[in-house]
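Engineer: Mind looking at a prediction? Sequence and model below.
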Protein chains: 2
Amino acid sequence: MSAVFRINELRDHLGDEVTVRAWVMTTRSSGKIGFVVLRDGTGYLQAVVLKKEVEPSLWESFKELTLETAVQVRGTARDDERAPGGVELTVTGIEVLATSPDFPITPKEHGTAFLFEHRHLWLRSRRQVAIMRVRHEVVSAIRDFLNEREFVLVDTPILTGAIGESAGTLFETEYFDLGSAYLAQTGQLYLEAAAAALGRVYCFGPTFRAEKSKTRRHLAEFWMVEPEAAWLDSDDNMRLQEDFVSYIVGRCLERRAEDLKELDRDTASLERVTPPFHRISYSDAITRLGELGKDIQWGQDLGADEEIALSDTYDRPVFVYNYPRAVRAFYMKQNPEDPRTVLNNDLLAPEGVGEIIGGSQREDDHDRLLERIRELYLPEEPYGWYLDLRKYGTFVHSGFGLGVERTVAWICGIPHIREAIAFPRMMTRLYP
Amino acid sequence: MSAVFRINELRDHLGDEVTVRAWVMTTRSSGKIGFVVLRDGTGYLQAVVLKKEVEPSLWESFKELTLETAVQVRGTARDDERAPGGVELTVTGIEVLATSPDFPITPKEHGTAFLFEHRHLWLRSRRQVAIMRVRHEVVSAIRDFLNEREFVLVDTPILTGAIGESAGTLFETEYFDLGSAYLAQTGQLYLEAAAAALGRVYCFGPTFRAEKSKTRRHLAEFWMVEPEAAWLDSDDNMRLQEDFVSYIVGRCLERRAEDLKELDRDTASLERVTPPFHRISYSDAITRLGELGKDIQWGQDLGADEEIALSDTYDRPVFVYNYPRAVRAFYMKQNPEDPRTVLNNDLLAPEGVGEIIGGSQREDDHDRLLERIRELYLPEEPYGWYLDLRKYGTFVHSGFGLGVERTVAWICGIPHIREAIAFPRMMTRLYP
């Protein structure tokens, strides 16, 4: 047997006899020449069977190939710039490894429900493969950016006691003899403890919201990266965020151009994602939204509509900073220049995407934090350890959380984040 | 103010006036000279205060420093190879940023329960910082190894329907109107679907076992990396594993030597971790264990005792392969040469560590897999999508799972895996 290669390796073996193991995507035939497009996860390959030049049995094998048949194909790799991937294979042998009768997903249109019900097979489509590759790049870029800046990964727990951002949207489970545990909505509080130990830290894992929400921007389970750094204030924090997001987008443009093309993504707006991003205070944003005809008053949180109306007026991501205290989490640092507000920011992506980051400087004053916990009637005891961080060498620190699926959906230019993860979990979907 | 640096940057600023923000670890004084050891997460720094040469107020500030006080210290960085990190700071200014009265963790001995109750503060100790840095390196090495070999990250769901390895040890939660969801014990089944789309894939996330186990090798929540590859058989799979583990250990030796020294780790046994690893079939292992005086019969699974007795006879990790079908999961491929067994392997680490990897070639025959599901009375319906993978272009594939905490504990030379994660979750611990 000739050496086995993956499709993306063939360009280095032009002229050689090679073997490829792959799945059949399409076949067509003129009666004299047969074409098979193959895929193996690394790329796409057109294989050509010339009826006159092969054994009749090989031609018969070719004619029996169906969508998603697993095959081992032997042939000569040839340079052909018209072919997908720039290589064409002149076939000298086809071995069917496994048949595939009646593959459910055909080139015709399918409904969304059908596709998600067959997500395990739908993942094989060109579009889904491209999205998964972009997601891989986003995650790699996130880690490379943070690792290069000496952030230390600290995996924070998923199973937690009664702490979180919004008690109404927690998944609950029985935890041995200790009562209930809740699936974490953030690792931030734990990271603050770790930042006092290691300086710069991040966690990166799945987070959970039992939110009865069916919007195109919500999942019950999604991935979030949360960097946290000692001695970083709110302003530094926004600078870190714009560098971070620019790096991630830049990496995808650089390394996943082919996949973005597969997705018909117009990359011009992504090319503009470079620091500095726009910045507007919450108060100015309210004024701006009024001018845009939105019915929103100072003190109200921005909803998806307002976020998108606002971000549509910018050519690149925009920070909205210093929100009213009442509409943000208890742990955010009160703004010394306007105590009605906190030192926080959201980052809104353009093109109708809206919020992809929420960040803030953290309240580092023990008494003010305790007061806030009491004002909100949060249970004090579970926050005992968190308050400890303000008793022993408390420190200025800030951090943020970036949602992976929203970022992937934005970069890929797909409207709904459910395609930005392999097996999305939504209110109405737990299968496959 | 002079420029602010992190401690590990000071070697590039010898002779300069610098500012450092850090926490106080220890102080001592001869009456004329004061020493403060500082930490900031990047390293340790000895700062020297010469009473004669500073303002009396500065000497007073020095005397009031307590464990974990947050300070901003100004001074001149000097080369001193006796000092930790090779740099010493001659102090010209100390600003106390935040006091730290009565820090609970003192240099004296504390009980284990006390330390875990104060895990959020204990993390600041030199030993725990070193372990976290090794963990970071293990995770980075895992991702680099797989990314370099073009494995695509596919994040698999945590919330799953009724599938898993052992139903008795699942955490359960209510999932909207769809009944119960279970926290995943593995992402493997999902990865097999993804491998058909992308060829080589991996997932890397937290996994959960509601196991009433108090051993030093078990956690209720732990991180696992699971690579899965199309066209890989059991033998290839073991080769991949030995390359993988050798790479991870090598990276830690290369980049975390200082942390391993902090942990008093004798690295000689780690230096021996290079391919090929030893291999012994399950059947031969049973014979060997008999010779070692262990009371175990063919057909029984190896317990921790047997694993350790066996791995102690080797100078590096050892594969035990082809276990009896009855003691391994339903999805493992039946061994065509001995149908009583499956094409699987465990990888046992030396030095009393035991299993760090479980891997197998997967059953790719639809009918045999269905038969196995029925033999074990598993519910068929939730596995419908999994069986689909064997209907449409089924393919030879294999994969494995490596437990992060066991690997970190082994490399660090710590006996209990609970210190190998920042906030361990055990039967009796959900706080902090």
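Structural biologist: Arrived safely. Numbering: from 1, shown residues only, chains lettered A, B, ... in the order given.

Engineer: which residues does the residue in the stretch 101-250 of chain A positioned nearest to chain B contact?
Structural biologist: Closest residue of the stretch 101-250 of chain A to chain B, C-beta to the nearest C-beta: residue A:199 (2.8 Å). (C-beta placed from N, C-alpha, C; glycine too.) Residues in contact with residue A:199 (C-beta atoms under 8 Å, 6 or more residues apart in numbering or on different chains) are A:150, A:152, A:229-231, B:6, B:40-42.

Engineer: In PyMOL, select just the buried ones from the residues you listed.
Structural biologist: Selecting only the buried entries of the contacts of residue A:199 in PyMOL, with 16 or more other C-beta atoms under 10 Å in any protein chain shown as the criterion:
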select buried, (chain A and resi 152+229+230+231) or (chain B and resi 6+40+41+42)
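
Engineer: Quick one, grab the pLDDT at the residue of the stretch 101-250 of chain A closest to chain B.
Structural biologist: The model reports residue A:199 with a pLDDT of 98.

Engineer: Who's the closest spatial neighbour of it, skipping the chain neighbours?
Structural biologist: Spatial nearest neighbour of residue A:199, excluding adjacent residues (C-beta to C-beta, 6 or more residues apart in numbering or on different chains): residue B:41 at 2.8 Å.

Engineer: these two touch, right, that neighbour and residue A:228?
Structural biologist: No: the criterion here is C-beta atoms under 8 Å, and residue B:41 misses it with residue A:228 at 11.4 Å.

Engineer: joint contacts of these two?
Structural biologist: Shared contacts of residue B:41 and residue A:228 (C-beta under 8 Å, 6+ apart): A:195, A:200.

Engineer: Let me know the closest of the contacts of residue A:199 to residue A:80.
Structural biologist: If you rank those by distance to residue A:80 using C-beta to C-beta, residue A:150 comes first, at 46.8 Å.

Engineer: The residue nearest to residue A:199: what's it in contact with?
Structural biologist: Residue B:41 sits next to A:152, A:195, A:197-200, A:230, B:6, B:129 when contact means C-beta under 8 Å, 6+ apart.

Engineer: Nearest to residue A:389 among those residues?
Structural biologist: Nearest to residue A:389 among the contacts of residue B:41, counting by C-beta to C-beta, is residue A:195 at 8.8 Å.

Engineer: where does the stretch 1-150 of chain A have low pLDDT?
Structural biologist: Across the stretch 1-150 of chain A, the ranges flagged by pLDDT under 70 are A:1.

Engineer: Contacts for the helix or strand containing residue A:372, please.
Structural biologist: Taking DSSP states H and E as the definition, one finds residue A:372 inside helix A:366-375. Contact partners of helix A:366-375, identified using C-beta under 8 Å, 6+ apart, comprise A:330-331, A:334, A:363, A:380, A:383, A:387, A:390-391, A:394.

Engineer: could these be laid out in a markdown table, adding secondary structure, pLDDT and distance to chain B?
Structural biologist: Putting the contacts of helix A:366-375 into a markdown table (DSSP: H, G, I helix; E, B strand; the rest coil; pLDDT from 0 to 100; distance: C-beta to the nearest C-beta, whole Å) gives the following:
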| residue | secondary structure | pLDDT | distance to chain B |
| --- | --- | --- | --- |
| A:330 | coil | 95 | 17 |
| A:331 | coil | 97 | 15 |
| A:334 | strand | 97 | 17 |
| A:363 | coil | 98 | 13 |
| A:380 | coil | 90 | 13 |
| A:383 | helix | 93 | 10 |
| A:387 | helix | 97 | 10 |
| A:390 | coil | 98 | 8 |
| A:391 | coil | 98 | 7 |
| A:394 | coil | 98 | 4 |
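
Engineer: Would you show me how to pick out the buried ones of those in PyMOL?
Structural biologist: Buried members of the contacts of helix A:366-375 can be picked out in PyMOL with the line below, counting by 16+ other C-beta under 10 Å:
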select buried, chain A and resi 330+331+334+363+383+390+391+394
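
Engineer: Among the contacts of helix A:366-375, which one sits closest to residue B:173?
Structural biologist: Top of the list for closeness to residue B:173, among the contacts of helix A:366-375 and by C-beta to C-beta, is residue A:383 at 23.3 Å.

Engineer: which residue packs closest to that closest one, ignoring adjacent ones?
Structural biologist: Spatial nearest neighbour of residue A:383, chain neighbours left out: residue A:373 (5.8 Å); criterion: C-beta to C-beta, 6+ apart.

Engineer: Could you do residue A:215 as well?
Structural biologist: Excluding the flanking residues, the one nearest residue A:215 by C-beta to C-beta, 6+ apart is residue A:304, at 7.0 Å.

Engineer: Is residue A:250 within a helix or a strand, and which one?
Structural biologist: Element membership of residue A:250 [criterion: DSSP H and E] is helix A:234-255.

Engineer: Kindly report the same for residue A:228.
Structural biologist: strand A:221-230.

Engineer: Return the residues in contact with the residue nearest to residue A:215.
Structural biologist: A:215, A:217, A:354.

Engineer: By neighbours, which of those residues wins?
Structural biologist: residue A:354 (24 neighbours; other C-beta atoms under 10 Å in any protein chain shown).

Engineer: Tell me the predicted confidence for the nearest residue to it once chain neighbours are set aside.
Structural biologist: Leaving aside its chain neighbours, residue A:354 sits nearest to residue A:307 (4.1 Å; criterion: C-beta to C-beta, 6+ apart). We have a pLDDT of 97 for residue A:307.

Engineer: Buried ones in whichever strand or helix holds residue A:307, by neighbour count?
Structural biologist: Using DSSP H and E, residue A:307 falls within helix A:304-311. Neighbour counts over helix A:304-311 (16+ other C-beta under 10 Å) mark A:306-311 as buried.

Engineer: same question, stretch A:419-431
Structural biologist: A:419-427, A:429-431.

Engineer: mind listing what the residue nearest to residue A:272 when sequence neighbours are not counted touches?
Structural biologist: Counting by C-beta to C-beta, 6+ apart, the nearest residue to residue A:272 once its immediate chain neighbours are dropped is residue A:316, at 4.9 Å. When contacts are counted by C-beta under 8 Å, 6+ apart, residue A:316 touches A:269, A:272-274, A:277-278, A:350.
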